[in-house]
Structure formats: structure tokens, C-alpha cells
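>>> Fold the stuff below for me.
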Amino acid sequence: MPIYPSTPPTNRPRATMIGLGTPTAPPQTPRIPNTPNAATLTQGAGSALTVTWQVPAVDGTHSAASAFNLQSSPSGAATWTMVSGVASPYNLSGLAFGAAIDVQLQSVNVAGASAWSATSTLTTATALPNMPSPTLAQGSGSSLTVSWPPPAVDLTHNTAAGFNLRSSPSGAGTWTTVLGVTSPYTLSGLPTGAAIDVELESFNAAGNSPWSTAATLTTASTGPFAPNAPVLASVTPPPDGTTSKLAVAWTVPAVDSTHGAATGYNLRTSPTGANTWTTLSNVTNPCTLTGLTGATAIDVEVQATNAATTASSWSTTMTGTTWGTTVATGTWTAASTQVHNASVTPSGGVNIVATPAPTVPTAAAFGWSSSASTMPTTGLITATADGQTNGWGQWFNAPATAGTYYLWMMTQGAGALTTGAMVTSAITVT
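Below you'll find the model as predicted:
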């Protein structure tokens, strides 16, 4: 009986699996990255903040972040300004000085964006202000007026909250300081005729700026001071029937701590617009210019003088025009006493002679006025040619109300423009 072995032979060849390789894991779908931790904020240059953060972890449900977004807002306002694609550290600039700023971060990749991080808050730096630049001008007496514009605000300098001023005799460096001044500032109590250095500094909650470069000006000397310029009040042809005169009047200039009283005046004239001036010295106020040509416009200026070595500046120009017609009384004149509302005595009317010089009169009129210097414009009595050479006349009554009056005799040209005038002495109406 054959005997079989209990185990198969060890030299039997093994089966080989053909075409099978090492097994691989299936590809994973990208996932949204984790939210970054709250950013770390530190002071940057000027009012800027430096923002840093850690890259968020990758885990079984979150892929790696490929970029980051940052948003900032004045603290608590939630008015967010976002910047995309930033990297740590990031310089957050253009912020207000001394302002609390909220900052949040968000990570992004191809799958999308994470939630925004917790808020980080930091107050920006309060920077020193720029230094101001003083300008000096003469004030009253020996005082100086110091003025300056607010210094500029930039990325490294904040707004000035106030200013300090110091002054010294020029070059001495013996400073007298005044705190909390505003522009313009009057620096008083200075010696006369002395050069004074002035410096300014600005300050805010962060501290004080450097002192400015010194501005220097010499205070006014002791008097006598030149007077202020007069102001012309009127340049008019006088109502005396002539065509060769202009009456000039002006206001007496004011006296102040840097201008003395006027003791005299100079006057100058020029054909209008020509600037060919003729000067008359030591004239009185009012002044009558004579020897002029009829119907001519004349520019007039006046200046004041006193014991000072210089006169005032010339006044503003005023222009007057001489009459163009000569007016003279005729054969009928009004008596110095009249009865109200009665025919003018002694002739029942008045006549005048109006001679072209050079303007030809086209009309004439008479008028009652309570002023010898203010020409009447209402209630005029029209005159008519009376047949004499250049003669005009009319019959009329005295005023209806008793009082003191002046009778004006006027000629007119084109457009009813007055070309000549003459006024009587005072007439009493009873």
C-alpha cells in the first residue's frame, strides 16, 4: 500500500499575479482654510500700525491658506476698509493720529475664504506737530505783531493744539517766553528802535516741536511819526458861475500810536488818467483850485505833512469836472428880502447870462434851496431864452414858507446835465 507525504513538496512553483501595482489613495477635494488667530498690532511709522499674524493650521477639514485679506475700521464703527492679498507683516498706513483702530484677518484659497478673525485694536501714535513759521509786522507804537499759519500735518507730524512764543533782543539769546498764544499775537512793551528776535513752538498731547527759526524786525522809533493819509471828501466845481475852478475838501486823518497829527497838506492834480501831476504845497482844507479849463476832468490827490521827515502816502484819487458854461447875473436880480409866495421883487423874476465856455447851454433853470453848497434837484423853475445874447429868464414867486433861502441859477446841456451854476447870497423870506 503506497504511503503519501502529509505536506506538499516545498519545491512546487508559486503562482505569480501579473499586472498588479502598489495601491494609491484617492485625490482629496480642497477645503476652506482655517480662520487666522487675531492679529498682533504694533506702532509703525507716524500714525501707521504694523499687523502680524500666524499662518493658520492645516487639518483634516481645512486646507492651507494661499493668501490673506485684512480689514480695518475706526474702533466700534464697523466701517470696514478691506485690503486683499496681504502678507504678514503688513503696514497699515494713512490712519488718523491718536485713533483706536479695529483690525480683522481672513484667510483664502481656491476653495474660498474663512470667517473673519477676532478683532484686534490699537490706538495709533499721537505725533509731535511740525514747528510754525512766524511773520513779524509793525504794531502800535513799539509793539510787533506776530502771525503764523497752522503748521502742516503729514505722515510723521500731527495737528498742533497750541503755540508758545519767545522773544529776545536780537542775538542776545535772553528769551522771554509767553505760553499758549494765538495768531496774530501782539508783542508789546518792547524798546523803541530795537531789533527783536521772535521764535515759536507748537505743541500737542505728544509734546512740543522744536523752536522755529528766529524772525527779526526792528521796532518803530520814537516820534515824530508821519500822519495817516487824508481821505478826499469832494472835488466839485463851485457855484460861483465860473468854469475855471474846483473846490476840494478832505477829512482830517486820524492820529494813532504810530501816526502823528497832520499840520499841513500837499495837493496834486493831473488831467484825468494822464498821471502828469502838478503839486501844490502847504494848501489848506478846503482848497480851491483855479486857472483850470472849462468842461475838463481833473484827478486830485492830497497828502498830510507834519514835523516827521516823511509825509503821509497820497490819498486815493478823486476826479472832478469843471463847469462848461459861465453863468452871470442879468439885469433882473432878486432882493435880499422877499415875501413868501409873492412875486420876486423888485422885478417879478430873475434873468441870467449863460456864456458857452466851451459848452453851449441848451436849457436853464432856477431853484430855491436852504443850502448854498447843495444844488437843488427838485422844484426847479424852467427858464426861457429872453431875447438877449445868451440870456435866460423867468417870472416866479418866492418860497411859500418863511425862512432863509439861496436862489440857484443853473444851465443845462445834453441829457439835462448841469453845465454851470451860480448861487446868490442868503435871501430872507418873511
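
>>> quick one: the strands in the stretch 301-430 of the chain?
Here the stretch 301-430 of the chain has its strands, by DSSP state E, counting those that start in this stretch, at 318-321, 325-329, 337-338, 349-356, 363-369, 381-382, 384-385, 391-395, 403-412, 418-423, 427-429.

>>> Ok, which of those comes nearest Thr284?
strand 318-321 (17.5 Å; C-beta to C-beta). Quick note: C-beta positions are derived from backbone N, CA and C, even for glycine.

>>> Need the CA coordinates for that closest one. CSV is fine.
Provided in CSV are the C-alpha atoms of strand 318-321 (Å, rounded to 0.1, in the frame of the first residue of the first chain):
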residue,chain,number,x,y,z
MET,A,318,-10.9,161.6,-6.8
THR,A,319,-12.0,163.2,-10.0
GLY,A,320,-13.9,166.5,-10.5
THR,A,321,-15.0,168.2,-13.7
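
>>> Tell me the buried residues in it?
Neighbour counts using 16 or more other C-beta atoms under 10 Å place Met318, Gly320, Thr321 of strand 318-321 among the buried residues.

>>> For Thr236, which residues are in contact?
By C-beta atoms under 8 Å, 6 or more residues apart in numbering, the residues touching Thr236 are Leu246, Ala247, Gly320.

>>> Tell me how far it lies from Thr378.
19 Å (C-beta to C-beta, to the nearest Å).

>>> wait, Pro286 sits on Thr251?
No: using C-beta atoms under 8 Å, Pro286 makes no contact with Thr251, being 11.1 Å away.

>>> Can you say which of the strands of the stretch 301-430 of the chain is packed in most?
strand 418-423 (a mean of 24; mean count of other C-beta atoms under 10 Å).

>>> could you give the mean pLDDT of that one?
Mean per-residue pLDDT for strand 418-423: 98.

>>> What is it packed up against?
strand 325-329, strand 403-412 (3 or more C-beta pairs under 8 Å, 6 or more residues apart in numbering; DSSP states H and E).

>>> Of all the ones you listed, which one comes closest to Asp59?
strand 403-412 (108.3 Å).

>>> So what's the gap between that closest one and the chain middle?
48 Å (C-alpha atoms, centre = their mean, to the nearest Å).

>>> how about the strands of the stretch 301-430 of the chain in JSON lines, adding distance to Gly241?
Shown next, in JSON lines, are the strands of the stretch 301-430 of the chain (distance: least, C-beta to C-beta, whole Å):
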{"stretch": "strand 318-321", "distance to Gly241": "16"}
{"stretch": "strand 325-329", "distance to Gly241": "4"}
{"stretch": "strand 337-338", "distance to Gly241": "21"}
{"stretch": "strand 349-356", "distance to Gly241": "9"}
{"stretch": "strand 363-369", "distance to Gly241": "12"}
{"stretch": "strand 381-382", "distance to Gly241": "18"}
{"stretch": "strand 384-385", "distance to Gly241": "18"}
{"stretch": "strand 391-395", "distance to Gly241": "13"}
{"stretch": "strand 403-412", "distance to Gly241": "8"}
{"stretch": "strand 418-423", "distance to Gly241": "4"}
{"stretch": "strand 427-429", "distance to Gly241": "17"}
